[in-house]
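Colleague: turn this into a structure:
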Amino acid sequence: MAVIVQKYGGSSVSSPERIRTVARRVIEARKVGYDTVVVVSAIGGTTDELVKLAYQVTDSPSEREIDVLISTGEQVSVALLAMAVHSLGYEAISFTGSQTGIVTDSAHTRARIMKIEPEKIKNELSLGKIVIVAGFQGTTQDSEITTLGRGASDLTAIALGAVLKAEVVEIYTDVDGVYTADPKVAKDARKLPVISYDEMLEMASLGAQVMQSRAVEFAKKFNVPVHVRSSFSKDAGTLIREEAKSMEKIVVRGVTANKSEAKVSLLGVPDRPGIAALIFKRLADDDINIDMIVQNVSEVGKSDISFTIEGSDLKRTVAVAEKVAKDIGAREVSSDENIAKVSIVGLGMRSHSGIAAKMFSALAGENINIEMISTSEIKISCIIRKKLADKAVKALHAKFGLGKQRKARRKKKK
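Modeller: Modelled structure (predicted):
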């Protein structure tokens, strides 16, 4: 039989009734004739509560113990869902990440999947069981529990879809698809029926919270069809798939804002060859991911280097940067959490000119200053003040005509 993988987020299993609803939906797929694999997140809010508890015990919990702690959230969900499926007369079995055969590297709290050994899943499917897998986690070759990073249940589902050659991976969440912008910010945002892997990857990495960017990257690499849908509706959502020529007709597909970034600056850096390489190697050695980079000459023989990172990495990034600054003779290190990154994304940008000018004009029209700029073939990103992020999204969404088309009102005859 064909395999289908379904993933349910924390809001989908946030109460006993919702767990029973998910169980019924899972059984529907089994009734249609699919071998059904289900990936489940922790009950909504559980992971945050566990992390909060850890920091109440100590200011600096070890990342290994954090993984041991937060991996328990998904174990609760999978067990409860298996019980709900059993109660409806169908066979199901729950697995942790390690039982599933997901083998990762040893980077605790942000591990990467090295391989998946799915024989156990295949065996249970052959017995007619629904297999329910704890998302977001795996194990090292030495049997150490690891987690894959926040939001990585999506990655678990897509990775399993790849190795099991699933017909489709359905990502069930509390939204009914991918929109041209956050509907809470741009009230006239439209749901997109289809989007390319590249566009979705950019939108996910730039702040769209529908899917984790690493999951989209995995889907693209292994050509896994992904359908983003609502847990609370049976309507079609957004299909993420390979690029088609027709997709390039739409210049800008969406607008995103990421308010969880931070900026770090090394001031008074000696302006000589090899210094930038040294700085960013030291950051890479500490597994710190860098986004935008800008270097400016501040005085003769000196320069300032600024870069952006995930806000959650700020404390450890500043610690590394201060050590590097001391080693190379830089004047000081500063940081800024009050920034946001706003971006426009679209395959059509590759073949249309004037898009950047139009974007900058829209921001200028709202008196929004641009601090940093980054571009690629299909996106343009700007760093601005965090408090202006929503204003910027609305302005860009309107400027590129991404809102719902309103029907012209007929004039009443007098």
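
Colleague: residue 385 is in contact with residue 342, correct?
Modeller: No - the pair formed by residue 342 and residue 385 falls short of the contact definition of CB atoms under 8 Å, at 10.5 Å. Where C-beta positions appear, they are placed from N, C-alpha and C, glycine not excepted.

Colleague: shaky segments in the stretch 151-300 of the chain?
Modeller: 206-209, 244-248 (pLDDT under 70).

Colleague: strands along that one, start to end?
Modeller: With DSSP state E, counting those that start in this stretch, the ranges of strands along the stretch 151-300 of the chain come out as 168-173, 178-179, 191-192, 194-196, 226-230, 238-241, 254-258, 261-270, 293-299.

Colleague: who's more crowded, residue 342 and residue 385?
Modeller: Neighbours of residue 342 and residue 385, each counted by other CB atoms under 10 Å, are more numerous for residue 342; the result is 28 against 15.

Colleague: report the beta-bridge partners for the more buried one.
Modeller: With beta bridges defined as DSSP bridges, residue 342 has these partners: residue 257, residue 382.

Colleague: what distance do you get for it to residue 149?
Modeller: Taking CB to CB, to the nearest Å as the measure, residue 342 and residue 149 are separated by 23 Å.

Colleague: next: residue 232.
Modeller: The spacing between residue 232 and residue 149, counted by CB to CB, is 26 Å.

Colleague: same check on residue 210?
Modeller: Applying CB to CB, one obtains 16 Å for the distance of residue 210 from residue 149.

Colleague: so for those two, which residue has more residues nearby?
Modeller: Shown here are residue 210 and residue 149; by other CB under 10 Å, residue 210 has more neighbours (22 against 16).

Colleague: check contacts around the more buried one.
Modeller: Counting by CB atoms under 8 Å, 6 or more residues apart in numbering, residue 210 makes contact with 173, 175, 177, 178, 203, 204, 228.

Colleague: what is the nearest of those to residue 122?
Modeller: residue 228 (26.2 Å; CB to CB).

Colleague: correct me if wrong: that closest one contacts residue 174.
Modeller: No - no contact is recorded between residue 228 and residue 174 when judged using CB under 8 Å, the distance being 11.2 Å.

Colleague: who's more crowded, the two?
Modeller: When residue 228 and residue 174 are compared on other CB under 10 Å, the one with more neighbours turns out to be residue 228, at 25 against 14.

Colleague: which residues does the more buried one bridge with?
Modeller: With DSSP bridges applied, the residues forming beta bridges to residue 228 are residue 171, residue 238.

Colleague: again with residue 8
Modeller: The residues that residue 8 bridges to, once DSSP bridges is applied, are residue 40, residue 172.

Colleague: burial of it, as a residue count?
Modeller: Residues near residue 8, counting by other CB under 10 Å, number 28.

Colleague: OK, contacts around it?
Modeller: Residue 8 makes contact with 22, 38, 39, 40, 41, 81, 172, 231, according to CB under 8 Å, 6+ apart.

Colleague: in JSON lines: these, plus neighbour count and distance to residue 189.
Modeller: Below are the contacts of residue 8 laid out as JSON lines (neighbours: other CB atoms under 10 Å; distance: CB to CB, whole Å):
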{"residue": "22", "neighbour count": "24", "distance to residue 189": "27"}
{"residue": "38", "neighbour count": "30", "distance to residue 189": "29"}
{"residue": "39", "neighbour count": "32", "distance to residue 189": "27"}
{"residue": "40", "neighbour count": "35", "distance to residue 189": "28"}
{"residue": "41", "neighbour count": "29", "distance to residue 189": "25"}
{"residue": "81", "neighbour count": "24", "distance to residue 189": "32"}
{"residue": "172", "neighbour count": "27", "distance to residue 189": "20"}
{"residue": "231", "neighbour count": "21", "distance to residue 189": "20"}
